[in-house]
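Colleague: fold the following and give me the result.
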Amino acid sequence: MNIENKINHSLLLAVSLPLLILGGCAANESVKLSSETDFSTEQESSILNEQPTEIDELISVTPIEESINVVEPPEVADDASIEIMLVDNVKIKEPTPKPQKLIIGFSFDEANIDATYGEVLWQHAQYLKENENLILNISGHTDRSGARVYNEMLSQKRAEQVAKILMDFGALESQIKVTANASDQPLMGAIHNRQHRRVELDFQDPQIVSN
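Modeller: The predicted structure is shown next:
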């Protein structure tokens, strides 16, 4: 019996010893893994703890004014500056110079006015508008051909055509005096009949006209 017990005890030791050795190795590995796991966990915690600190520092360093767009209200101009601005924007209109005596020519037996006289007639109308105390005498004329009555009618028609254009340009009817002279006042120094077929425009003082 003693021999058997010894044998059994030896067998038990032979079987259990490797198991114990394996168990010890496993325990060591477990301890090693546990320590490594704890270390990595500590690293992650420290990183996570550091990130808010960096953000907090960034926020604390950045001034509030940089993140806010401040809109300044527009400056209100006073009455004096507004008046100066208005004066600068207003173009000072120069007075229309007094036109010289004008003679408008006509074709034979015609009362139509050539378009080339349009601009100069417009200047006459503007001058009348700027000087309402002036009177413009418009006198119609013909050459010597034809009957006296007919020439008087034709000279009247020519003068009225000119007056109509001036009033269309803004001149007052009260500033215009129309006369028909037929062939009674031939143009001095004229050589051809066409030079007598005319309308003359001449500004006169209202007192002279009334007399």
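Colleague: show me where this structure has strands.
Modeller: 102-105, 135-141, 176-180, 198-204 (DSSP state E).
Colleague: and of these, who's closest to Y127?
Modeller: Checking the strands of the chain against Y127 by C-beta to C-beta gives strand 198-204 as the closest, at 7.7 Å. Heads up, the C-betas are built off the backbone N, CA and C, glycines and all.
Colleague: what pairs with that closest one, parallel or antiparallel?
Modeller: Partners of strand 198-204 in the sheet, by DSSP bridges, are strand 102-105 (antiparallel), strand 135-141 (antiparallel).
Colleague: for I191, find the nearest of the ones you listed.
Modeller: strand 102-105 (13.7 Å).
Colleague: buried ones in that closest one?
Modeller: 102, 104 (16 or more other C-beta atoms under 10 Å).
Colleague: which residues touch it?
Modeller: 113-114, 117, 120, 124, 162, 187, 194-195, 197-201 (C-beta atoms under 8 Å, 6 or more residues apart in numbering).
Colleague: buried subset of the residues you listed?
Modeller: Buried among the contacts of strand 102-105 by 16+ other C-beta under 10 Å: 113, 117, 124, 162, 197-201.
Colleague: just curious, which of these is nearest to E94?
Modeller: Nearest member of the buried ones among the contacts of strand 102-105 to E94, counting by C-beta to C-beta, is H124, at 16.8 Å.
Colleague: what's the least confident helix or strand in the chain, going by average pLDDT?
Modeller: helix 2-61 (a mean of 52; mean pLDDT, DSSP states H and E).
Colleague: show me where pLDDT drops low in the protein?
Modeller: For the chain, the stretches flagged by pLDDT under 70 are 1-92, 205-211.
Colleague: one more time with 80
Modeller: Along the chain, segments meeting pLDDT under 80 span 1-93, 205-211.
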